[in-house]
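S.K.: okay, sequence plus prediction incoming.
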Amino acid sequence: MILDDIIKEKKKEVARLKQDSTINTSKRQYPVRSFFKMARSNNKLSIIAEFKRASPSKGVINADLDPKVQASTYEKAGASMISVLTDTPFFKGDMDDLIAVRETVNIPILNKDFIIDPVQIDRAYQHGADVILLIVRALSTEQLASLYQHAKRLGLEVLVEVHDEQELQAALDIDATLIGINNRNLDTFEVDLKTTEDLAKMLNPEDHLIISESGMKTTEDVLRVKKAGAEAILVGETMMRSDNLTDTFELLSGEGDRL
Ligand SMILES: O=P(O)(O)OC[C@@H](O)[C@@H](O)c1c[nH]c2ccccc12
């Protein structure tokens, strides 16, 4: 299983990070921005644009893009947040990408990684991330709760990612507010937007901000998850392959005037 392979590599990375004396949360130079407030203050669908060079399911997506140029274009095109993949072995990203994006934009940044230890949260915080990702499938109940608390103590927001009912229950048990429904099954890589439709039904939009993640390419896709209750979408590949991001943002805005 790919997730098991990724976690195995993460454990090695965490062992290295724990020896790294430069990781220090008091070195953060940036204010913490709230994605939640940003998303709730606009009355339309929020777009989270991802910087993703490669993935285990797609191989290399776009290796040549400069994170600063891409981030600046995302911000100008109207992104509410930028997601930066910092995993190296499987996604070809790293912390330098996040640092470059942080130096460039003023909108919130999500550190997309496979977080299994507080040291990764400290590193994300130090370098200016505002939101971290916790993938329920990758964590025990205890790990999920303690990593969530660790991030909250630092003032970060936490996107809790789920793919089925049981995982969603685990997210509700820790009182998660930002719920990411991943349309991609991390074992099979299969994408089905029905995942958002099925799981969003179990949530109360007053208490939870639903983010539909993965596999969106068309206006129709976006309208479908929006109708299901998504307040935000997270889009990687379509952004990284786009040769006209202004058009892509308009297409994915969920306004539906292009249908
Ligand atoms: O490129 P896509 O299909 O638009 O997907 C983006 C994002 O949802 C995906 O990269 C993702 C969702 N959850 C993750 C967890 C780890 C790494 C990556 C991901």
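M.R.: Cool, the structure landed. Numbering: from 1, shown residues only.
S.K.: what's the per-residue pLDDT of the residue nearest to residue 35 when sequence neighbours are not counted here?
M.R.: The shortest distance from residue 35 to any non-neighbouring residue, by Cβ to Cβ, 6 or more residues apart in numbering, is to residue 108 (4.3 Å). To be clear about C-beta, it is placed using only N, CA and C from the backbone, and glycine gets the same treatment. What the model reports as pLDDT for residue 108 is 98.
S.K.: any idea how far residue 108 is from residue 220?
M.R.: 28 Å (Cβ to Cβ, to the nearest Å).
S.K.: can you give me phi and psi for residue 179?
M.R.: phi -110, psi 120 (degrees, to the nearest 10).
S.K.: burial measure for the residue nearest to it when sequence neighbours are not counted, as a count.
M.R.: Closest residue to residue 179 apart from its sequence neighbours, by Cβ to Cβ, 6+ apart: residue 208 at 5.1 Å. The number of residues packed near residue 208 is 21, by other Cβ atoms under 10 Å.
S.K.: isn't residue 208 right up against residue 177?
M.R.: Yes. Contact status for residue 208 versus residue 177: in contact at 6.2 Å, counting by Cβ atoms under 8 Å.
S.K.: distance of the closest residue to residue 10 other than its chain neighbours relative to residue 53?
M.R.: Excluding the flanking residues, the one nearest residue 10 by Cβ to Cβ, 6+ apart is residue 114, at 5.0 Å. For residue 114, the distance to residue 53 equals 16 Å [Cβ to Cβ].
S.K.: which one's more surrounded, these two?
M.R.: residue 114 (22 against 19).
S.K.: any idea how far the residue in the stretch 151-259 of the chain that the ligand sits nearest to lies from residue 10?
M.R.: Evaluated by Cβ to the nearest ligand atom, the stretch 151-259 of the chain has residue 236 as its residue closest to the ligand, separated by 2.8 Å. Here the criterion is Cβ to Cβ. By it, residue 236 lies 19 Å from residue 10.
S.K.: of these two, who's got more company?
M.R.: Taking neighbours as other Cβ under 10 Å, residue 236 and residue 10 compare with residue 236 leading, 24 against 21.
S.K.: give the contact list for that one.
M.R.: Counting by Cβ atoms under 8 Å, 6 or more residues apart in numbering, residue 236 touches 50, 52, 55, 61, 83, 85, 214.
S.K.: which of residue 108 and residue 220 has more neighbours?
M.R.: Neighbours were tallied for residue 108 and for residue 220 using other Cβ under 10 Å; the higher tally belongs to residue 108 (24 against 13).
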